[in-house]
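Visitor: predicted model and sequence below, questions to follow.
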Amino acid sequence: MGVMTVTASLPSWTRRSSDLSKHSAEVFAEAEDHPVTVTRRDGEALVLMSQREADGRARLLDFAAQLITVTLDDRGSLAERMSKAFPWMLALSPADRESCAQDLVDAARASFSTDQPHLAIAELTSWKETAAAVAAGLGSADVEWLDDDAAETVERP
């Protein structure tokens, strides 16, 4: 069983390098769930993590760089500045751009403070897909609601 240490108030799992040879399947299974620090007597500690985790961290850093660029610009509202960094936001209505900008900043702050890249990446992906759907005309169709009294019951397949 790995030793859990606390660094910057976030959990970290540590294994000895000998565990890789003696219990490799167990260590690899742990690394699929969360990064594992592998300590070595003869060198610097290494971190073993899934490709998904590494990609999420890289995407979060890229997103952070874009947000920093947005914050350095002092011209226009947050939504206007964000639309420069993320041109797909221009497909959204002005009100949705405002919501999107604030949601992205809030999700980024949550990701940074909890070391959970998926929070910001999921929010970014969701808004980007919404913008793509709006651009494709999927958000402009009139919805026809059925009255409960007039609705026909459909049998289950």
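Guide: Okay, I see it. Numbers count the residues shown, from 1 in each chain.
Visitor: and residue 27, how many neighbours does it have?
Guide: Neighbour count of residue 27, defined by other C-beta atoms under 10 Å: 20. The C-beta positions use only the backbone N, C-alpha and C, and glycine is treated the same way.
Visitor: begin at 48 from now on, thanks
Guide: From this message on, residue numbering opens at 48, which makes the last subject residue 74.
Visitor: can you tell me the element it falls in?
Guide: In this assignment (DSSP states H and E), residue 74 forms part of helix 71-80.
Visitor: contacts for that helix?
Guide: Helix 71-80 has contacts (C-beta atoms under 8 Å, 6 or more residues apart in numbering) with 49, 60, 62, 66, 67, 83, 85, 95, 96, 97.
Visitor: next SSE after the helix or strand where the second one lies?
Guide: I take that to be residue 60. Assigned by DSSP H and E, residue 60 falls within strand 57-63. Per DSSP H and E, the first helix or strand lying C-terminal to strand 57-63 is helix 64-69.
Visitor: so what touches stretch 159-172?
Guide: Stretch 159-172 has contacts (C-beta under 8 Å, 6+ apart) with 57, 100, 103-104, 106-107, 110-111, 150-151, 153-155, 157-158.
Visitor: what is the lowest-pLDDT residue among those residues?
Guide: In terms of pLDDT, residue 57 ranks lowest among these, with 43.
Visitor: span of stretch 131-145 from start to end?
Guide: 13 Å (C-alpha to C-alpha, to the nearest Å).
Visitor: so where's this structure uncertain?
Guide: Residues of the chain that meet the criterion pLDDT under 70 lie in 48-59, 186-201, 203-204.
Visitor: strands along that one, start to end?
Guide: Along the chain, counting by DSSP state E, strands occupy 50-54, 57-63, 83-87, 90-95.
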